[in-house]
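> Need coordinates for the below:
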Amino acid sequence: MRNVIVGQSGGPTAVINASLAGVFTMAKKCGADKVYGMRNGIQGLLAGQYVELDGILKSDREIELLKKTPASFLGSCRFKLPDFEKDKETYEKIFATLKELEIAAFIYIGGNDSMDTIRKLADYAELTGSDIKFVGAPKTIDNDLAQTDHTPGFGSAAKYVATAVREAIRDEVVYSTQKTIYVVEVMGRNAGWLTAATALSRGQGCPGPDLIYLPESDFDMADFDARIEALLQKKNNLLIAVSEGIHDSKGTFICEYAAADKAVDAFGHKQMGGTAAFLASYCEKFKAKTRAIELSTLQRSAAHIASLTDVNEAFASGGAAVKAALEGKNGLMACFDRLSDEPYVCTISLKDVHQIANDERCVPKEWITEGGTDVSEDFIRYARPLIIGESYPLMVDGIPAHLVLED
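Reported below is the predicted structural model:
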């Protein structure tokens, strides 16, 4: 069997399709006969939904366009694969489909939950003596996967977030004669890597956020009050960056202060959102004009300002994952190992997915400063190289062109 199948899962990024392009390109280079794509991840595979990518990616032009297309080209899902001890039938169905397609390598591009899927499938393959190999390619703007220096998707999202904050500050300070408070909400449930990246906006005449709140530190409303009061004594215009998942000392999300009945997904994750709106409304007590800015999906879909470093590394990680699987390796994820910040040097290694799945890597406590309201220069040195370089889109009629999978 010399065929490959690849899927994408979880929240999209600006470069998840660069990883897909890397899988396809390396698979063909390694001699794979066919490369299939799962429609909507493992959930689509269970429904028999897949496509032959060979008939879609027919030239270098399509591959380059795919690399510059945001979101998941193949579609995505948030499907929790059951334990095979409890639902053997689901695994038998998956493996029967893979056998029918003559699959040698199964690649899943995703984050924590996707690596849990790779772990379970790899273990079942070992248990049943299957020759199919399962390897993960990392993806998440949250940058919270264990065992890897960083994850594809984070660099581009960080570049967008830092740019958006710098531009928002330029907009805000035109009202220098009146008090204004902008609260910018950034994605990040338990890990504040992306919110910390708002600090990258500093420089070139931009002071950056006045306060940065990450979920790694408890949020204290009384301390927040005092800091706002003190800052407004010195300047009229404040910008505060907050992770959507900031919480108080009891573990209650600040967004729940306004709405406690948040829905949960298949993995039991409570729906986020509304933190900036709540805090902006709260800050009206300071007799300031307030504005809530929720970057939402824009921070993960802004391929027009993607980091070239991120695009290239996403492509390379996809290639490394499929190469490892076709060489007979199983139950691994392609990881980045940083050798140097200046000059920036990073290599790729393959690590045991059992040490990655269901783990979460947060911003180190020593990188969080000023009583939990800022980040250190160590974080800046870590994050800066990941946003370097521009990946210019192919423009058609004045806006970026994308490669779209037809129904």
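
> sec struct for residue 44, please.
helix (DSSP: H, G, I helix; E, B strand; the rest coil).

> residues near it, how many?
Residue 44 is flanked by 20 other residues according to other C-beta atoms under 10 Å. (Glycine included, C-beta is placed from N, CA and C.)

> That one and residue 90, how far apart?
Distance from residue 44 to residue 90, counting by C-beta to C-beta, to the nearest Å: 14 Å.

> So for the residue lying farthest from the centre of the chain, what pLDDT did the model give?
Largest separation from the mean C-alpha position in the chain: residue 177, at 38.6 Å (C-alpha atoms, centre = their mean). Residue 177 carries a pLDDT score of 95 in this model.

> For it, which non-adjacent residue is closest in space?
Nearest-residue entry for residue 177: residue 236, 7.1 Å, with adjacent residues in sequence omitted and distances by C-beta to C-beta, 6 or more residues apart in numbering.

> May I have the residues that are in contact with that neighbour?
Residue 236 sits next to 175-180 when contact means C-beta atoms under 8 Å, 6 or more residues apart in numbering.

> go on, residue 342?
With contacts defined as C-beta under 8 Å, 6+ apart, residue 342 is in contact with 381, 385.

> Same check on residue 16?
When contacts are counted by C-beta under 8 Å, 6+ apart, residue 16 is found next to 8, 71-73, 109, 139, 152-153, 314.

> redo that, cut-off 10 Å
In this structure, residue 16 makes contact with 8-10, 69-74, 76, 109-110, 137, 139-141, 152-153, 300, 303, 314, 318, judged by C-beta atoms under 10 Å, 6 or more residues apart in numbering.

> For residue 199, see how far away it is.
Residue 16 sits 25 Å away from residue 199, taking C-beta to C-beta as the criterion.

> now stretch 146-158, how far from the centre of its chain.
In this view, stretch 146-158 has its centroid 7 Å away from the chain centroid, taken as C-alpha atoms, centre = their mean, to the nearest Å.

> Dump that stretch to PDB, keeping only the CA atoms.
Taking C-alpha atoms only, stretch 146-158 is exported to PDB below (Å, rounded to 0.1, in the frame of the first residue of the first chain):
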ATOM      1  CA  ALA A 146       3.700  20.200  24.400                       C
ATOM      2  CA  GLN A 147       7.200  19.000  23.200                       C
ATOM      3  CA  THR A 148       7.500  21.600  20.400                       C
ATOM      4  CA  ASP A 149       9.000  25.100  20.600                       C
ATOM      5  CA  HIS A 150       6.000  26.500  18.800                       C
ATOM      6  CA  THR A 151       3.200  25.600  16.500                       C
ATOM      7  CA  PRO A 152       2.400  26.500  12.900                       C
ATOM      8  CA  GLY A 153      -0.400  29.100  12.800                       C
ATOM      9  CA  PHE A 154       0.800  31.000  15.900                       C
ATOM     10  CA  GLY A 155       3.400  33.100  14.100                       C
ATOM     11  CA  SER A 156       0.900  34.400  11.500                       C
ATOM     12  CA  ALA A 157      -1.800  35.000  14.200                       C
ATOM     13  CA  ALA A 158       0.700  36.800  16.300                       C
END
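
> now that stretch: mean pLDDT?
In this model, stretch 146-158 has a mean pLDDT of 98.

> the strands in the stretch 1-150 of the chain, which residues?
3-8, 35-38, 50-52, 103-110, 133-138 (DSSP state E, counting those that start in this stretch).

> ok, back up a step: tell me the spacing between the residue nearest to residue 177 and residue 67.
From residue 236 over to residue 67 the distance is 44 Å, taken as C-beta to C-beta.

> so where's the stretch 101-250 of the chain uncertain?
Of all residues in the stretch 101-250 of the chain, none has pLDDT under 70.

> Residue 42 is in contact with residue 75, isn't it?
No - if you go by C-beta atoms under 10 Å, residue 42 and residue 75 don't touch, sitting 11.5 Å apart.

> which one of those two has more residues nearby?
Neighbour tally, residue 42 and residue 75, criterion other C-beta under 10 Å: the higher count belongs to residue 42, 24 against 19.

> give me every residue that touches the more buried one.
Contacts here follow C-beta under 10 Å, 6+ apart; on that basis residue 42 touches 7, 9, 77, 79-81, 90, 94, 106, 108, 110, 114, 117-118, 120-121.

> at 6 Å instead, please
Neighbouring residues of residue 42 by C-beta atoms under 6 Å, 6 or more residues apart in numbering: 79, 117.

> next one: residue 161
Listed by C-beta under 6 Å, 6+ apart, the contact set of residue 161 reads 186, 194, 197-198, 299.

> at 10 Å what do you get?
Remark: with contacts taken as C-beta under 10 Å, 6+ apart, residue 161 is in contact with 141, 184, 186-187, 194-201, 241, 295, 298-300, 302, 387.

> For the helix or strand where residue 277 lies, enumerate the helices and strands it packs against.
Assignment of secondary structure by DSSP states H and E places residue 277 within helix 275-282. The helices and strands touching helix 275-282, judged by 3 or more C-beta pairs under 10 Å, 6 or more residues apart in numbering; DSSP states H and E, are strand 180-186, helix 221-234, strand 237-243, strand 289-294.

> now do 7 Å
Based on contacts counted as 3 or more C-beta pairs under 7 Å, 6 or more residues apart in numbering; DSSP states H and E, the elements that helix 275-282 packs against are strand 180-186, strand 237-243, strand 289-294.

> and of those, who's closest to residue 63?
Of all the helices and strands packed on helix 275-282, it is strand 180-186 that lies closest to residue 63, at 31.4 Å by C-beta to C-beta.

> Can I get that closest one in CSV, CA atoms only?
This file holds the C-alpha atoms of strand 180-186, laid out as CSV (Å, rounded to 0.1, in the frame of the first residue of the first chain):
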residue,chain,number,x,y,z
THR,A,180,-10.7,56.5,26.0
ILE,A,181,-10.3,52.9,27.0
TYR,A,182,-10.1,50.2,24.2
VAL,A,183,-10.3,46.6,25.4
VAL,A,184,-9.0,44.1,22.8
GLU,A,185,-10.0,40.5,23.2
VAL,A,186,-7.6,37.8,21.9
